[in-house]
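> Got a sequence here, can you build the structure:
(2 chains)
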Amino acid sequence: MTRALRLLRRRLVGSVFVLLIVVIGSFLLLEAAPGDAVDAYIVSTGGDAGMIELLRHRWGLDQSELTRLANYLWALLHLDLGQSVTFSRPIRDVILERLPTTLILMGSATALSFGLGSALGIYAGARPGSIRDRFLSIGSLALYAVPGFWLGLVLIVVFAVDLRWLPIGGIETIASGKTGLARAADIATHLVLPVSALGFIYLALYLRMMRAGMAEAWRQDFILAARARGLPRRRIVLAHVARNALLPLVTMLGLQSAQMLGGSVVIESVFAVPGLGRLAQEAVAGRDTPLLLGIILVSAVLVVVINLLVDLVYAVLDPRVGAGEASA
Amino acid sequence: MSRLRRFFRTPEAIVGALILALLAAMALAAPLLFPGDPQAIAGPALLPPFQDWSLPLGTDRLGRDVLAELFHGARTSLAVGLAAAAAALLIGAVVGTLAGFAGGLVGEVLMRITDAFQTVPSFLLALAFVSVVGPSLGVVVTAIALGAWTGPARVARAEVLSIRERDYVAGARVVGMHPLEIAFREVLPNALPPVLALSSVIVAAAILTEAALSFLGLGDPNRVTWGGMIAEGRTVLRTAPFLSVVPGIALVLTVLGVYLAGEGVVESTAVRRSLS
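Next up, the predicted model:
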């Protein structure tokens, strides 16, 4: 366990640096935007020049860029992300309200793509070069070429409009008064289509990685040894070939998290799911730069945390990781 | 010649090359076959496909010719995809070479910046960038490249790290070449092949990102884009689903073509490498 802790400590130090770069970089990028939060606010509410002056002063926008960056970093230390213009509420609260939905969406989609993708990958990789392998390889490539938002629309046309099996969008039936399990089931039915749209795209990735890893493992000596020992084929496929091909997929899980988060922006907009991604779009539409900045930061933190977790899992799975890094 | 033959060995590569050739032909022929503004009204609104042979794929909600839009959309998709990928590969190769060749503090800082770019979801970054600077073709290209250069940078750095220990690099130092000259004239060209192997994946991702941006209304408003067409068709999804389906199929075929052709290239060079 000390091995994993050592790894965690080393990664944490690096992550703080990276997040600092993200904060400063996105702050400067969004500073470059024409107009500020006061302009956006005045557009929606109206007000005279005196009001603009007052607001600029109150929100600290009349100070220099460097001072504001320092103020922002200082506030961040207290977990304060500032005030949203469009929602007139603390950004932290708005984001925390939307975050669980996105986490559920991402988590389910990841489980779907990883589970089904690796299972199909094992199926294809069990016999590299066979008909079913070729079929799955081409099929997964075609799937990987599909834009997620378009798949979402097609799913809506088929399953919500034509067949009327599933709801067209949203996260739950509005004002249904459902509680407990009934509410959970309601949310689950609403999530089937968005999770499928998001998950099926990335399924192809895991399938292809698994298949490639297995094709590679078949050529290794220890597989030859396992065959020579007369192990049943099923056991060789699952316990030896697939197991060795699984590790890179775990790494991919962390690397893909940022992509998944980006993909959920569009998927949430297609299915009107009130999550973080849709919030980002609302922030763009409302020219709410502080909110957009907050979303970028929270996403970055999320990606860092997921990657840390994946690293830990990897360290547990692979005893070689971190073993010889005592001095590093 | 033999290299070309090797490329066309697999049926996948042939299909990919055919799709890309068709697409390039569409993009090039668009202004000839459909001169004038593809966003101009051409007929009655919401005409279904295969009804009127002067408008084979019908018209959209505003009566614009879907086939003309499809052809002009191919131009945008290809232009943005290729330009963004070229920019990403260029930035990645330069940053990766500097990071690998300089090493030390400079290398460390460059790699941390790369990490930071990788930590922010690239689509979110593109969204923020376009919304800040304003949608135009160049901005969309830059926005996509900003999120795509990290992969090439990492590959280039890893390659440079192994190349810089070779004898000819030491030789160049002895001759007294400037380190930057060594990095970019001796090391970079040799580090390029594995970086370029990423290009098909990056072009494909760039095309998909551009489509998603236009779908959310952040594409260049003066250009027809497939993503924009899908968004436009979405408003009449119940009554005229073909308006969203047709440009979507074009997107899928394009990206698939890029992938297949890319695999063909990688495979044909892999064979060459294993033979030598």
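
> Next one, pLDDT for residue 229 please.
Using chain A here. At residue A:229, the model reports a pLDDT of 86.

> think we crossed wires, I meant chain B
90.

> For it, which residues are in contact?
B:60, B:66, B:69-70, B:73, B:243-244, B:246-247 (C-beta atoms under 8 Å, 6 or more residues apart in numbering or on different chains). No exception for glycine: its C-beta is placed from N, CA and C like everyone else's.

> Name the SS class of whichever residue of the stretch 51-200 of chain B sits closest to chain A, please.
Here the stretch 51-200 of chain B gets closest to chain A at one residue, residue B:123, 3.0 Å apart by C-beta to the nearest C-beta. On the three-state scheme (DSSP: H, G, I helix; E, B strand; the rest coil), residue B:123 is labelled helix.

> now residue A:77: how far from residue B:25?
Separation of residue A:77 from residue B:25 (C-beta to C-beta, to the nearest Å): 58 Å.

> ok, these two, which is more surrounded?
residue B:25 (12 against 7; other C-beta atoms under 10 Å in any protein chain shown).

> gap between that one and residue B:248?
In terms of C-beta to C-beta, residue B:25 sits 21 Å off from residue B:248.

> check contacts around the nearest residue to residue B:205 once chain neighbours are set aside.
Nearest residue to residue B:205 in three dimensions, chain neighbours excluded: residue B:148, at 6.4 Å (C-beta to C-beta, 6 or more residues apart in numbering or on different chains). Residue B:148 makes contacts with B:84-85, B:88, B:92, B:122, B:202, B:205-206, B:209, as judged by C-beta under 8 Å, 6+ apart.

> of all these, which two lie farthest apart?
Spatial extent of the contacts of residue B:148 (C-beta to C-beta) is set by the pair B:92 and B:209 at 15.9 Å.

> so where do the helices sit in the stretch 1-150 of chain A?
Ranges of helices within the stretch 1-150 of chain A are A:2-31, A:37-45, A:49-58, A:65-77, A:91-125, A:131-144, A:148-155, based on DSSP state H, counting those that start in this stretch.

> Packed most tightly, which of the ones you listed would that be?
helix A:148-155 (a mean of 24; mean count of other C-beta atoms under 10 Å in any protein chain shown).

> helices and strands around that one, which ones?
Packing partners of helix A:148-155 (3 or more C-beta pairs under 8 Å, 6 or more residues apart in numbering or on different chains; DSSP states H and E): helix A:180-218, helix A:243-270, helix B:199-215, helix B:226-234, helix B:242-275.

> what about the last one, average pLDDT?
By that I understand helix B:242-275. Rounded mean pLDDT across helix B:242-275 is 81.

> That helix versus helix A:131-144: what angle between them?
Orientation check (axes from the mean of the first three to the mean of the last three C-alpha atoms, to 10 degrees): helix B:242-275 against helix A:131-144 gives 130 degrees.

> ditto for the second one
For the pair helix A:243-270 and helix A:131-144, the angle between their directions (the same axes, to 10 degrees) equals 30 degrees.

> Please spell out which residues along the very next helix or strand once past helix A:243-270 are buried.
On the C-terminal side of helix A:243-270, the closest following helix or strand by DSSP states H and E is helix A:276-285. Across helix A:276-285, burial judged by 16 or more other C-beta atoms under 10 Å in any protein chain shown covers A:276-284.
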